[in-house]
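Asks: sequence and computational prediction follow.
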Amino acid sequence: MEGNIAEGLKFVGAGLSMVSAIGAGLGIGILGSGAVQAIGRNPDAAPLIQQNMILAIAFAEAVAIYALATSLILIFAA
C-alpha cells in the first residue's frame, strides 16, 4: 500500500515541476510580442532587437528544460 502512494506522489511531483513550463511559455510569448512591436516601430534597429530577443528566449526556455529534466528524473530515477 505504501509503495503505491509513494509511486503516485512521485508522478504528482513530476507534474507539479512542469508547472514552470507555463511561465516559460508565457515569457516567450511576451518577449516575441514585444520584439515584433519594437521592430514595427523602429525597423532600423531590427538586428539588435532580434539578437536580444533570441538571447532572452534562450534564458526563458532554460527554465522549461530544467523543469523537464527534473520531471524525468523524478519519474525514471527516483
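Replies: Perfect, thanks for sending it.

Asks: okay, the nearest residue to residue 46 once chain neighbours are set aside: pLDDT?
Replies: Among residues not flanking residue 46 along the chain, residue 39 sits closest, at 4.8 Å (C-beta to C-beta, 6 or more residues apart in numbering). Placement of C-beta: from N, CA and C, glycine included. Here, the pLDDT recorded for residue 39 equals 95.

Asks: give me the neighbour count for residue 39.
Replies: Applying other C-beta atoms under 10 Å, we find 17 residues neighbouring residue 39.

Asks: that one: which element?
Replies: Per DSSP states H and E, residue 39 falls inside helix 20-41.

Asks: can you tell me what sits against that helix?
Replies: Residues outside helix 20-41 that contact it (C-beta atoms under 8 Å, 6 or more residues apart in numbering): 45-46, 49-50, 52-53, 56-57, 60-61, 63-64, 66-68.

Asks: and if you look at stretch 57-71?
Replies: For stretch 57-71, the external contacting residues (C-beta under 8 Å, 6+ apart) are 14-15, 17-21, 23-25, 27-28, 31-32.

Asks: thank you kindly, that will do.
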